[in-house]
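Asks: Attaching a predicted model along with its sequence, questions to come.
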Amino acid sequence: MTITAILRAHRIVDGHLAAHQVAASSPTEQARWARRRMLNDYAYFMLIFGQFEDRVNRRCEALIRKKRQAPTWKQQRLWDTTETDRLGFMRRVALLTQIGQTDYNRIRDWYNDIRCPIAHGDTASVGPIVLPVLAAELATIMKRLART
């Protein structure tokens, strides 16, 4: 599944929800449909971020495999003991991006402020998101990760 396919599906579903919101007969009903649209945005964000997490995991595993092939034991010894399944997501991100730099900071913010709250049911702290913009930023970072 690609980000483009996920966005295409989101656009269709969001269009249906928006039509219901516009056709709602009361402000309360309009608010109910607006909330459904926001939850739909969150659900599709999780699908897209899941694709991003998978890319990070695969790039991290590839990096560790490559480092384990270093010509000398001194160069490979740290990597021999590094297991990706024991690394938290942001540790994996830190292996692929420079801590404190733009990509790392954006990923950390999305992870801490959007992904984790949604995944754990704390949608009240998230607020509205603009899915196409977030998806485009994630896709751009994924391309940069492919070059690491």
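Replies: Yep, it's here.

Asks: residues in contact with stretch 43-57?
Replies: With contacts defined as CB atoms under 8 Å, 6 or more residues apart in numbering, stretch 43-57 is touched by 1-3, 6-7, 9-10, 13, 84, 89, 92-93, 96, 110, 114-115, 118-119, 129, 131, 134-135, 138, 141-142, 145-146. For the C-beta atoms, the positions are set from N, CA and C on the backbone; glycine is no exception.

Asks: do stretch 76-91 as well
Replies: Stretch 76-91 has contacts (CB under 8 Å, 6+ apart) with 53, 56-57, 60-61, 64, 67-70, 92, 95, 107-108, 111.

Asks: And it, end to end?
Replies: For stretch 76-91, the separation between the terminal residues is 19 Å (CA to CA, to the nearest Å).

Asks: now swap in stretch 16-34 and tell me
Replies: 12 Å.

Asks: Can you give the contact residues for it?
Replies: By CB under 8 Å, 6+ apart, stretch 16-34 touches 36-37, 40.

Asks: Buried residues in that stretch, which are they?
Replies: For stretch 16-34, burial by neighbour count (16 or more other CB atoms under 10 Å) applies to 17, 21, 33.

Asks: same question, stretch 74-87
Replies: 84, 87.

Asks: Show me the contacts of stretch 76-91 that map onto helices.
Replies: 53, 56-57, 60-61, 64, 67-68, 92, 95, 107-108 (DSSP state H).
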